[in-house]
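Trainee: sharing a sequence plus its predicted fold:
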Amino acid sequence: MRLFLSLLIGFFACLPCIAQNEIDSEFYDSLEKVEAKYRAGKAELIKKADRVVVYLVDFDGISNEDAFGGGDDSETISIAPYEKRTKILSTKEIGEVDRRKLLDVLSAAIAEPEHSGGAFCHFPIHGVRIYAGEELLHEGTFCWVCGNFSFSYPQGSGWLDTNAELKAIFEKVTPIPQSELDRFYTKYPGAKPKGEQDAALKDQP
């Protein structure tokens, strides 16, 4: 009898916890749907962009955001999820053919309804700013080792998944100098690009 009463008391004591977990789950499910809808809308918008600037950026030149101005846009680019910036090493405004290809591939990646966010790291090597006229539609950085790129919402930001096609177009329009690759792998000798990580996992027994 005592055991039954103890179990009964414990059950009713847990009801608020269960209810809290349920409403938390509903909140995050709803948030994921709202974010996915926003990404789909933004993907359609950036397809119409008329100017794309691609950057080679410094993977370890990361600094804090300027609270009063956001930093010098000609010298740094934002890494929104970190609330930091990194140095721009080179800048290239790409032509129409490459622009259309990049926008098609990037918009498709953004519009994916679900994202894992890649690995829990971000060593940016490419960056992009996408414009319609003078309006900045999208700004973000890309890490091919961690397999993610930054994306900003009206409130907050997060990581989206890269893919092989996206990596290929960025490396075509702005190749990564061997000196930067050597510098990265000297500093992080155990790091592997996302594709090699996935292949290694598949080969495991």
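Mentor: Everything's here; your move.
Trainee: when you work out contacts or count neighbours from here on, use the C-alpha atoms and nothing else.
Mentor: OK.
Trainee: other SSEs contacting the host helix or strand of V105?
Mentor: Per DSSP states H and E: V105 is located in helix 96-111. In terms of contacts (3 or more CA pairs under 8 Å, 6 or more residues apart in numbering; DSSP states H and E), helix 96-111 is packed against helix 2-46, strand 157-161, helix 164-173.
Trainee: now do 10 Å
Mentor: helix 2-46, strand 51-64, strand 157-161, helix 164-173 (3 or more CA pairs under 10 Å, 6 or more residues apart in numbering; DSSP states H and E).
Trainee: what angle separates the shortest one from helix 96-111?
Mentor: For strand 157-161 and helix 96-111, the angle between their directions (axes from the mean of the first three to the mean of the last three CA atoms, to 10 degrees) works out to 110 degrees.
Trainee: can I get the helices and strands packed on helix 96-111 in TSV including mean pLDDT, mean neighbour count and distance to C146?
Mentor: As requested, the helices and strands packed on helix 96-111 are arranged in TSV below (pLDDT from 0 to 100; neighbours: other CA atoms under 10 Å; distance: least, CA to CA, whole Å):
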stretch	mean pLDDT	mean neighbour count	distance to C146
helix 2-46	73	13	21
strand 51-64	93	20	12
strand 157-161	95	20	9
helix 164-173	98	15	12
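Trainee: what residues are up against R183?
Mentor: By CA atoms under 10 Å, 6 or more residues apart in numbering, R183 lies in contact with 59, 177, 189.
Trainee: hmm, the second one is touching D58, no?
Mentor: No: contact criterion CA atoms under 10 Å: P177 and D58 do not qualify, at 11.7 Å.
Trainee: average pLDDT across stretch 132-141?
Mentor: On average, the pLDDT along stretch 132-141 is 96.
Trainee: report the buried residues of that stretch.
Mentor: Of all the residues in stretch 132-141, those buried under the rule 16 or more other CA atoms under 10 Å are 132, 138-141.
Trainee: from these, pick the one nearest S30.
Mentor: Of all the buried residues of stretch 132-141, S30 sits closest to H138, with 23.8 Å by CA to CA.
Trainee: got the angle for the helix or strand the closest one falls within vs helix 164-173?
Mentor: Element membership of H138, judged by DSSP H and E, is strand 135-143. Orientation of strand 135-143 against helix 164-173 (the same axes, to 10 degrees) gives an angle of 100 degrees.
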